[in-house]
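Visitor: Provide a 3D model corresponding to the input given below.
(one chain, ligands or ions: 1)
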Amino acid sequence: MIAIKRVNKAFRGKKILKDISFDIPEGECIGLLGPNGAGKTTLIKCITGIINYEEGEINFNGENILNFKNDIGYLSQNTDFKQWMTCEESLRFFGSLSGLSKTYLNENINEVLKDVGLQDKNQYKVEELSGGMKQRLGIAQAILHRPKFLILDEPVSALDPVGRNEIKNLIKKLKEYTTVLISTHILDDASEFCDRYIIIKKGEIIGNITNQDETVNYKQVYFQVDLSDSIKPEINLNDSYDLQEVKAGEFLVTSRNSIKLTNLIAELDKNNLNVNSIAYEKKDLEKIFLELVSDV
Ligand SMILES: Nc1ncnc2c1ncn2[C@@H]1O[C@H](COP(=O)(O)OP(=O)(O)OP(=O)(O)O)[C@@H](O)[C@H]1O
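Guide: Model prediction:
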């Protein structure tokens, strides 16, 4: 659906985005992850057409994305709602600024407020809303025109745990019918709803991993053998596994490929071991992320 190809952007002669390329397939929810200053917001602004870039292209179904602005919904980091406006007035105001007709707004505002769970708050002023509710109103503004592609810039980072939960549940709902790009540095949250993660550091993509990679390709397996006969076992596994003794009788097997327990058990069997326990350890996204962004 969206193809980002070799996008380069500089501010004051300093390269901020370097050859950024990735695709966003229809229906996927992509997490844009990276440390502060990595270039996430700059990339989002390039995608939405808020700023220009020097090189590269960004296409929507094969054509310049700028021709499809009506298909994009965008929640910026600082949505500037007027505190004295009600939820309904705020949506009316932003909707008419972006060219939606009065008839469309009359017919859709209540529906959208319902989608984000603010139907009872339509006459509440912005100043009366909690952080989570304000963010839900921001999302209502971003989906008011029913975009096919929704971009959310740091939708959860400024919220308390209750607000974060509200927004996470809403995102899970929205991703069922919209393609979504979410920038965040709260990795645990991202892993709840993202299908894939693009990790950027100093303007470069350093990781493009799927949930599959997270749960399968980075697997490790621990096993423990019975040492009651106190003989240190000689273990030989085939080359696709790396074996490490963690402590006496406890071993860690790692592999870049997925580890199938049945295959591993067959390998262990060949060694005539008395295996007491065997367990997967999922390498979580945070660990992968820290590895990717570490300079060492
Ligand atoms: N308008 C601008 N003029 C000059 N430099 C800018 C401008 N906007 C961003 N930058 C610089 O570009 C770099 C990337 O900023 P950006 O806001 O895209 O990062 P980010 O990954 O979104 O960070 P954060 O997580 O803190 O929001 C930073 O060094 C920032 O100072």
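Visitor: my guess is residue 129 contacts residue 123. True?
Guide: No: here residue 129 does not reach residue 123: they are 11.8 Å apart, not a contact under Cβ atoms under 8 Å. Quick note: C-beta positions are derived from backbone N, CA and C, even for glycine.
Visitor: more crowded one of these two?
Guide: residue 129 (19 against 10; other Cβ atoms under 10 Å).
Visitor: quick check, pLDDT for that one.
Guide: With respect to pLDDT, residue 129 has a value of 94.
Visitor: now residue 180: how far from the ligand?
Guide: Here residue 180 is placed at a distance of 17 Å from the ligand (Cβ to the nearest ligand atom, to the nearest Å).
Visitor: then residue 241?
Guide: From residue 241 to the ligand the distance is 38 Å (Cβ to the nearest ligand atom).
Visitor: please begin residue numbering at 8 from this point
Guide: Done: numbering now begins at 8, and the last item shifts to residue 248.
Visitor: that residue - how many residues pack around it?
Guide: Residue 248, neighbours per other Cβ under 10 Å, totals 16.
Visitor: hang on, the earlier thing: what touches both of residue 136 and residue 130?
Guide: residue 94 (Cβ atoms under 8 Å, 6 or more residues apart in numbering).
Visitor: residues in contact with residue 231?
Guide: Contacts for residue 231 (Cβ under 8 Å, 6+ apart) come out as 256-258, 282-285.
Visitor: one more time with 6 Å, if that's ok
Guide: 256-257, 283-284 (Cβ atoms under 6 Å, 6 or more residues apart in numbering).
Visitor: take those and keep only those in strands.
Guide: Mapping these onto strands (DSSP state E) picks out 257, 283-284.
Visitor: name the nearest of these relative to the ligand.
Guide: Ranked by distance to the ligand (Cβ to the nearest ligand atom), those are led by residue 257 at 39.6 Å.
Visitor: that closest one: neighbour count?
Guide: By other Cβ under 10 Å, 15 other residues sit near residue 257.
Visitor: go on, residue 217?
Guide: 15.
Visitor: that one against residue 203, yeah?
Guide: Yes: counting by Cβ atoms under 6 Å, residue 217 does reach residue 203; the two are 4.7 Å apart.
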